[in-house]
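> Turn this into a structure:
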Amino acid sequence: MVCNKFTTAIVAFSLTYSVAVTAQQPSRKLIKDAVELTGTDELTESSGLAFSTRDPNCIWTHNDSGHAPKLFAFDIRTGKLTGECRLAGATAMDWESLTSAGKDSRELIVADSGDNDARREFITLYRFDEPDPHRITELAASDYQSLSMRFPGGPVDCEAVWYDASESSLMLLTKGRLPFAGAFRVPDELWQQSVAPDDARERSPAADAPPPIVTAIKIATLALPMATGADLDPVTGDIWVASYFQAFCFQRGTHANLHDQLTDVPIAVEMPRWRQIEGIAVDKKSQVWITTEGIPAKLGRLP
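Sure thing, here's the model as predicted:
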């Protein structure tokens, strides 16, 4: 067998993952500041998670597949609903992830990227200015951009996205049955090829021509099992990835670029045995928060 840096990383990661999963520390508290998300009966499958930049005590989330194209804002201290945002005219085939975006993180991107059977020709990304988390808002089609995107190697399931301002790119991490994940980027300039739905007929060469489908750029393959969510620490540049039983921290450290950061061996952190942990977000104090599906959904901070 040829041994290289990636093979070494896989072996080291597998050992880290195995030890972390099997180690039982019942006396150690795995979650802090846990609250139930209340105030609505519409949130049944909390999936994506992103902190508000308009109020650091609020956090946005949304349902998984089969629900309305709507976001919910909650107070992280009480778990109570503070606001909602509906995207009129948008589809929600399988919304999986959510992230703050833009140079000043004043936007939100929602990824309709779930594809368990790897059959979708393209996924859809929605981008818009963050609404007030303390109001009920409905965005018209002219208030958000939609971008149709395909993966270069064909359809894959994707449940984890984050925005990297240093790369001016949305990052996507695939979820496979094998312990590997592809990391892809969608540079901001690709959004310029997208048009708002109400402008499509006016700006496209053919009146009925749909916006083009852009192709993401692959940057790395990670030795990582079942990625269900991701976020970037706005202070340290560390990348946190959630799976069902652990969170993984890819430290920025002295890595020269994003590829080296993602292909290094991460730190594994055990998580509580909550049902279907699919959302993870990092606040401005480098505190890591997770959410889980269920009625009511739970929100908590890793110690």
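
> contacts and neighbour counts: CA atoms only from here.
Noted.

> Note down every partner strand of the helix or strand V241 falls within and its orientation.
In the assignment (DSSP states H and E), V241 maps to strand 239-242. According to DSSP bridges, strand 239-242 forms sheet pairs with strand 229-232 (antiparallel), strand 246-250 (antiparallel).

> who touches it?
The set of residues external to strand 239-242 that reach it, using CA atoms under 8 Å, 6 or more residues apart in numbering, is 160, 227-233, 247-252, 277-280, 282.

> before we move on, the earlier item: pipe the strands paired with strand 239-242 into CSV and attach distance to G83 per row.
Shown next, in CSV, are the strands paired with strand 239-242 (distance: least, CA to CA, whole Å):
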stretch, distance to G83
strand 229-232, 22
strand 246-250, 28
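
> right, so of the ones you listed, which gets closest to K32?
strand 246-250 (15.0 Å; CA to CA).

> chain center to that closest one: distance?
Distance of strand 246-250 from the chain centroid (CA atoms, centre = their mean, to the nearest Å) equals 14 Å.

> can you check stretch 99-111 too?
Offset of stretch 99-111 from its chain centre (CA atoms, centre = their mean): 11 Å.

> Kindly report the same for stretch 94-107.
8 Å.

> okay, it in PDB with CA atoms only?
The C-alpha trace of stretch 94-107 is given here as PDB (Å, rounded to 0.1, in the frame of the first residue of the first chain):
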ATOM      1  CA  ASP A  94     -35.000  19.300   1.100                       C
ATOM      2  CA  TRP A  95     -33.600  22.300   2.900                       C
ATOM      3  CA  GLU A  96     -30.600  21.000   4.900                       C
ATOM      4  CA  SER A  97     -28.300  23.900   5.900                       C
ATOM      5  CA  LEU A  98     -28.100  27.600   6.600                       C
ATOM      6  CA  THR A  99     -25.200  30.100   7.000                       C
ATOM      7  CA  SER A 100     -24.500  33.700   7.500                       C
ATOM      8  CA  ALA A 101     -22.800  35.100   4.400                       C
ATOM      9  CA  GLY A 102     -21.100  38.100   2.800                       C
ATOM     10  CA  LYS A 103     -18.100  40.200   3.800                       C
ATOM     11  CA  ASP A 104     -19.900  41.500   6.900                       C
ATOM     12  CA  SER A 105     -22.000  38.400   7.400                       C
ATOM     13  CA  ARG A 106     -25.200  40.500   6.800                       C
ATOM     14  CA  GLU A 107     -26.700  37.900   4.500                       C
END
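
> Check whether N57 really touches T78, as I assumed.
No. Contact criterion CA atoms under 8 Å: N57 and T78 do not qualify, at 9.7 Å.

> Can you show me the helices along the stretch 101-250 of the chain?
200-203 (DSSP state H, counting those that start in this stretch).

> Okay, now the unreliable bits of the stretch 1-150 of the chain?
Residue ranges of the stretch 1-150 of the chain with pLDDT under 70: 1-28.

> for F151, what are its contacts?
122, 215-217.

> Going along the chain, name the strands of the stretch 201-303 of the chain.
213-215, 217-222, 229-232, 239-242, 246-250, 267-270, 277-282, 288-292, 298-301 (DSSP state E, counting those that start in this stretch).

> average pLDDT for the fifth one?
Read that as strand 246-250. In this model, strand 246-250 has a mean pLDDT of 96.

> Many thanks, we can stop here.
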